[in-house]
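Engineer: Sequence plus the predicted model coming up.
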Amino acid sequence: MRRRAFLQGISGATMALPSLESLATTTQATATRMVCVGLNFGFVPRLFFPETTGKHYQLTDRLQPLEKFRDDFTVFSGLDHGTEAQGGHGGVHAYLSGVLSKHSKNMPEANISVDQKAAQLVGAKTRYPSLQIASGSDPNNQISWNASGVSLPPISKVDVLYSLLFQKVDPKLRKTTQAKLADRASILDLVKTDAQYLQRKVGAQDKAKLDRYFTSVREVEKRLAQSSDWLENPKPMVSYDIPAGANTMNFIDRVPLYYDLMALALETDSTRVITLGLGDIGANYGGFGISRGYHQLTHHGKVPEYITELSIIEKFQMEQLARFLNKLKSVSEDNGKTLLDNSMVLFGSGMGNASSHSNKNLPLILAGGGFQHGEHKSYFKDDNQKDATPAGRLFVSMLQRFGVETDRFGTASGTLTGLEVQA
């Protein structure tokens, strides 16, 4: 039987039953999860960053929706990826890697993102090593990259995401699906044979390209094998239904559904690593009461009317984060902690200031995960707040907390000083 059941509430909200020893599983008793949410256009800096540091900082207008969770998150300033991730909108894709894709050629794991580094540790322990989700198809906000330097395509359709997580597989189709997986594996074998033949006849530069290709092939092989193994295991049962026409809903109505499904995916141990890219709000101004497009508003030039409308979107983004944290905190797990305690949630952007196309001083929040929170921490190295600390050090801290044995990530080395784990 499932460890706990879900009851559907108002507007797709869920409520978990208490954890019972007779229903407990061992697969996720103390499992650590990682969630990374990325906003394409970041936040207006003066509305996001607190003026003072430490535990007694005053919440800014933008952070106000998180007041209830003040002791459950840390807000950072003075972190960015330096010269390795500059380029305005073209630098946003380096949010979770710290390396632009065009600079990844000679790196051992290319511009792998922190979520995919964590997913390597998960492997076949869950149905999906990781899930990539996005509200749209903005190429600038593809934030998940594998060790071959390939961007992993995200799922944007709500019904597809729901189907992957909870839709039952028709027994009649199971053999057909197994056969298709076997065919794909056979095709990979043939392609690999051709590539191995080529590898003996090409120069050093082409061999490097083939090495990356083989890395990609191995990843596909692992996923095919995992899909085949998990095909016989029933998907978890949840009392949650997505509304009709969910895919065509406005941004403002669709985003809560992504968060709901993410919480359920973590709760049911369907995956332990998730990324959510929130880019352009789409048609109809996303359902917000605004008169201009999101991108246009971000280039506000300090015009008050623009910032007022932009604040409507930014406040919504923070309110949805608060709603998500509340869901995670309301779930008790078998190790005596909450799902939020066991899940590190990174929320931020690869854009520091969209109005000036700056990728410096990234707006970053880390919640949960067993870290000591409740502070605004500044990592600027100078009084003029121009020399920032590599954000990759935060990712090293996150990876170590996840269980990955490493002291480096991307171009950064060492953990983030002052970010401690709870005793």
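Structural biologist: Nice, I can see it.
Engineer: how deep is the closest residue in space to residue 353 that isn't next to it in sequence tucked in, by neighbour count?
Structural biologist: Leaving aside its chain neighbours, residue 353 sits nearest to residue 45 (5.4 Å; criterion: CB to CB, 6 or more residues apart in numbering). C-beta here means a position set from N, CA and C on the backbone, and glycine is covered the same way. Here the number of neighbours of residue 45 (other CB atoms under 10 Å) works out to 19.
Engineer: pLDDT below threshold where in the stretch 51-200 of the chain?
Structural biologist: Across the stretch 51-200 of the chain, the ranges flagged by pLDDT under 70 are 170-200.
Engineer: As a check, name the ranges of all helices in it.
Structural biologist: Taking DSSP state H, counting those that start in this stretch, the helices of the stretch 51-200 of the chain run over residues 114-122, 158-166, 171-199.
Engineer: measure residue 63 to residue 392 for me?
Structural biologist: Note on residue 63: its distance to residue 392, by CB to CB, to the nearest Å, is 24 Å.
Engineer: Residue 136 too?
Structural biologist: 27 Å.
Engineer: Likewise for residue 120?
Structural biologist: For residue 120, the distance to residue 392 - CB to CB - is 17 Å.
Engineer: of these two, who's got more company?
Structural biologist: residue 392 (27 against 18).
Engineer: Now do the contacts for the nearest residue to that one once chain neighbours are set aside.
Structural biologist: Nearest residue to residue 392 in three dimensions, chain neighbours excluded: residue 412, at 2.6 Å (CB to CB, 6+ apart). In this structure, residue 412 makes contact with 98, 390-393, 395-396, judged by CB atoms under 8 Å, 6 or more residues apart in numbering.
Engineer: Save those residues as JSON lines, and put in secondary structure too.
Structural biologist: Converted to JSON lines, the contacts of residue 412 look like this (DSSP: H, G, I helix; E, B strand; the rest coil):
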{"residue": "98", "secondary structure": "coil"}
{"residue": "390", "secondary structure": "strand"}
{"residue": "391", "secondary structure": "coil"}
{"residue": "392", "secondary structure": "helix"}
{"residue": "393", "secondary structure": "helix"}
{"residue": "395", "secondary structure": "helix"}
{"residue": "396", "secondary structure": "helix"}
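Engineer: Pick the one among these closest to residue 266.
Structural biologist: Checking those against residue 266 with CB to CB, the nearest one is residue 395 at 19.6 Å.
Engineer: wait, what's in contact with the closest one?
Structural biologist: 96, 98, 114, 117, 409-410, 412.
Engineer: domain parsing for the protein?
Structural biologist: Split into domains by automatic domain parsing, the chain comes to 20-168+239-413, 169-233.
Engineer: Most tightly packed of the ones you listed?
Structural biologist: Of the domains of the chain, the one with the most neighbours on average (mean count of other CB atoms under 10 Å) is domain 20-168+239-413, at a mean of 19.
Engineer: Nearest residue to residue 112 in space, please, no chain neighbours.
Structural biologist: residue 147 (4.7 Å).
Engineer: do residue 257 as well
Structural biologist: residue 158 (5.1 Å).
Engineer: That neighbour reaches residue 255, doesn't it?
Structural biologist: No. Counting by CB atoms under 8 Å, residue 158 stays clear of residue 255, with 10.1 Å between them.
Engineer: Redo the contacts of residue 412 as JSON lines? Include distance to residue 340.
Structural biologist: Rendered in JSON lines, the data for the contacts of residue 412 read as follows (distance: CB to CB, whole Å):
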{"residue": "98", "distance to residue 340": "26"}
{"residue": "390", "distance to residue 340": "27"}
{"residue": "391", "distance to residue 340": "22"}
{"residue": "392", "distance to residue 340": "24"}
{"residue": "393", "distance to residue 340": "23"}
{"residue": "395", "distance to residue 340": "20"}
{"residue": "396", "distance to residue 340": "22"}
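Engineer: And the residues you listed, which is closest to residue 328?
Structural biologist: residue 395 (20.5 Å).
Engineer: measure that closest one to residue 113 for me?
Structural biologist: Using CB to CB, we find residue 395 at a distance of 9 Å from residue 113.
Engineer: Need the residues touching each of the two.
Structural biologist: residue 96.
Engineer: Would you mind confirming that residue 73 is in contact with residue 364?
Structural biologist: No. Judged on CB under 8 Å, residue 73 makes no contact with residue 364 at a distance of 10.4 Å.
Engineer: Quick check: neighbours shared by these two?
Structural biologist: Joint contacts of residue 73 and residue 364 (CB under 8 Å, 6+ apart) do not exist.
Engineer: and the residue nearest to residue 353, what does it touch?
Structural biologist: 352-353, 361, 363.
Engineer: now do residue 34
Structural biologist: 114-115, 118, 272-274, 343-344, 346, 369, 398, 402.
Engineer: just residue 423 next, same as before
Structural biologist: If you count contacts by CB under 8 Å, 6+ apart, residue 423 has none.
Engineer: Could you measure from it over to residue 398?
Structural biologist: Distance, residue 423 to residue 398, by CB to CB: 19 Å.
Engineer: Over to residue 304?
Structural biologist: Going from residue 304 to residue 398 by CB to CB gives 37 Å.
Engineer: Ok, residue 296 next?
Structural biologist: Taken as CB to CB, the span from residue 296 to residue 398 is 34 Å.
Engineer: and if you look at residue 342?
Structural biologist: 13 Å.
Engineer: Now do the shared contacts for those two.
Structural biologist: In contact with both residue 342 and residue 398: residue 369, using CB under 8 Å, 6+ apart.
Engineer: wait, is residue 276 part of a strand?
Structural biologist: Yes. Under three-state DSSP, residue 276 sits within a strand.
Engineer: Would you check that residue 161 makes contact with residue 155?
Structural biologist: Yes. With contact defined as CB under 8 Å, residue 161 and residue 155 form a contacting pair (5.0 Å).
Engineer: Cheers, nothing more for now.
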